[in-house]
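> predicted model, plus sequence, below.
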Amino acid sequence: MSKEVKTGLRKITGLLLVFVLAFSVIGCSKNEEDNMKEKDNIGKEQDTIGKVKEDDNFNLSGMPIVDAPVTLTVLTTRWGNMGDSFANNEFLKELEAKSNVKIEWQVQSLNDWSEQKGIMLAGGELPDIIMGFQTFNDSDIMSNLDLFLPLNTLIADYMPNYSKALEEMPDLGKIATFPDGNMYSMSKNLPLRPVSCNQPIINKVWLDNLDMEVPTTIDELYSVLKAFKEKDANGNGDPNDEIPISGSKGLSMDLLNPFGITDINGYKVMVNEDNSITYFPTSEEYKEGIKWLNKLYAEGIIDAEAFTQDDSMLSAKRQDPNVSKVGIEYAWTPDSNFGKWASEYEVIAPIKGYDGKQYTGGDPNGVSSIMRNEVLITKFCENPEIAARWLDEFYTGEASIQNFWGGIGTVITKHDDGSYTLNDPPEGTSADSWYWDSSLRDFGPKYISKEFESKIKLSSASGDGLKAELSKIAESTVTIPYPNVMFTNEENEERPTLTTDIDKYVESTRAIWITEGGIDEGWDEYVKQLNDMGLERLVEIYTNAYERYISE
């Protein structure tokens, strides 16, 4: 039967169902209780969704999930041109073999996903399962609820592993519950995540060459950067090829950490100690930080191409085959940015600002540890109970570590005592790259209990173990992040109308002030312009969403 015929039959069936329901209400007082139940489930599917079908092929428990093979289509997104090498993950292949559920992977690059996503949603037909929090966001889901199944019943009936995770870690359910009370997506939590994010990484060899100490204050950092610019810090005989600070299409906002500004979730909002919030691009701290960056730019300390070059141009400078060229950056680990020169760099403690304090972006629960929208089941899935049972297999400790790092036997070694360790990546490959090639990595369903987490032994020399180890130097300085709040549908519709112009104006003005100066003269007009663009309303939306979050 063709897809068009199926669609037509569904529409006819739906119309008949509406007619029958409407007719049954007339004069049928004995159905009053059932009618009230339907009213209580506005926004939810009928109670029959998720119940066991009369299908001899489907098994409610155990393996295989189905006796005769069934194929599900699964869409996920990947960074850049990563491709689908993750599909060779040992867990995924073993699950397909033992479950009889065959997977047709549809992999989209995030490079052009925004455009492709719009086309797909407008077309009104989706694959059976959507994976990865970067694929569809809250607004995409809330604006297209007719395309996605509410998962509450499916989870209760077919997902014992995920149900246990929700019980053990309530935040998994809290973060994924939409304003109508339904869970349209499933969450994840990641193991052994670092608490601090993107710390200062400096070229220690350059410091040694210049007989300078590791900087600890903003003034000491300026002196070091000035020396990096003016002297032959890399020791190749050319005093003019060192780039103290660079960037790609702008500068890292982490450079403003010494001024008390951190923003790991990208809202440009900071939480104060009294639980009020501040839109930091209008704060005095931001103003002072931009003036400092302008001073660095005017003295040639900041790369003149930082606002125009792309990632590939920046990477070429970081990993110049002849000599190290970049002095300091904010990043997870040196090997992720500097390639063959990584050994020259080391993570240093957060730089103290003018107030004598240290500030670091991060999350006390672990950076990006808990996220929603990792899995959705669409209304085009003809076998949602099969999809739910297949997905539930991801929510065990052993499945989760394989879908975060890679398969047991390749990336992971399982020991006789029940512990797990990560193997070293192939020579010339960073640990992060290897993990992304070998697994779903940050995307997709996962749950690691605290008990299981204790069985994971990470090396402190590379990859995630190194991140966790390096995180310790800054953990006590991590600020309270503005959380990954859930906005209402109305807020999601209004917010982009405000942020589109506001963000563009903030970023373009910041670039001008860093490269040309003039922040003191233009500040009052800048703040007025932002308020005229609706900044006060935007802050109100952020405040309301945050207050709902902390009151739950």
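Ah, there it is.
> which SS class is the spatially closest residue to Ser252 that is not a sequence neighbour?
The shortest distance from Ser252 to any residue other than its chain neighbours is 5.1 Å, reached at Tyr330 (Cβ to Cβ, 6 or more residues apart in numbering). C-beta coordinates here come from the backbone N, C-alpha and C atoms, glycine included. The three-state label for Tyr330, taken from DSSP: H, G, I helix; E, B strand; the rest coil, comes out as strand.
> mind listing what Tyr330 touches?
Each residue near Tyr330 by Cβ atoms under 8 Å, 6 or more residues apart in numbering is listed here: 198-201, 252, 254-255, 257.
> would you list every one of the helices in the stretch 351-500 of the chain?
In the stretch 351-500 of the chain, the helices defined using DSSP state H, counting those that start in this stretch lie at 384-392, 397-404, 431-438, 450-453, 463-471, 489-516.
> which other helices and strands contact the third one?
It refers to helix 431-438. Contact analysis of helix 431-438 by 3 or more Cβ pairs under 8 Å, 6 or more residues apart in numbering; DSSP states H and E lists helix 335-338, helix 463-471 as its packing neighbours.
> relative to helix 397-404, how tilted is it?
In this structure, helix 431-438 runs at an angle of 110 degrees to helix 397-404, with axes from the mean of the first three to the mean of the last three Cα atoms, to 10 degrees as the basis.
> just the CA coordinates for helix 431-438, please, in CSV.
Taking only C-alpha atoms (Å, rounded to 0.1, in the frame of the first residue of the first chain), the coordinates of helix 431-438 have been written out as CSV:
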residue,chain,number,x,y,z
ALA,A,431,40.2,11.1,22.4
ASP,A,432,37.2,13.4,21.7
SER,A,433,37.4,12.7,17.9
TRP,A,434,37.6,8.9,18.6
TYR,A,435,34.6,9.0,20.9
TRP,A,436,32.5,10.9,18.3
ASP,A,437,33.5,8.5,15.5
SER,A,438,32.7,5.5,17.7
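> model confidence over that helix, on average?
Per-residue pLDDT over helix 431-438 has a mean of 92.
> who touches it?
78-79, 82, 85-86, 88-89, 332-333, 335-336, 404-407, 410-411, 422, 425-426, 441, 462-464, 466.
> got a ChimeraX select line for the buried ones in those residues?
One line in ChimeraX is enough to select the buried members of the contacts of helix 431-438, burial here meaning 16 or more other Cβ atoms under 10 Å:
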select :78,82,86,89,332,333,335,336,404,405,406,407,410,411,422,425,441,462,463,464,466
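> which stretches in the protein count as strands?
Secondary structure of the chain by DSSP state E: the strands cover 70-78, 101-109, 129-131, 186-189, 199-203, 269-271, 277-279, 328-331, 345-347, 370-377, 412-414, 420-422, 456-457.
> what's the most buried one of the ones you listed?
strand 186-189 (a mean of 28; mean count of other Cβ atoms under 10 Å).
> tell me what that one is packed against?
Using 3+ Cβ pairs under 8 Å, 6+ apart as the contact test, the elements touching strand 186-189 are helix 170-176, strand 370-377.
> shouldn't Val66 be in contact with Ile386?
Yes: with contact taken as Cβ atoms under 8 Å, Val66 and Ile386 are classed as touching, separated by 6.1 Å.
> pull the number of nearby residues for Leu314.
Applying the criterion other Cβ atoms under 10 Å, we find 21 residues in the vicinity of Leu314.
> residue contacts, the closest residue to it other than its chain neighbours?
Nearest in space to Leu314, with sequence neighbours left out and distances taken as Cβ to Cβ, 6+ apart, is Ser248 at 4.3 Å. The contact partners of Ser248, by Cβ under 8 Å, 6+ apart, come to 306, 309-311, 313-314.
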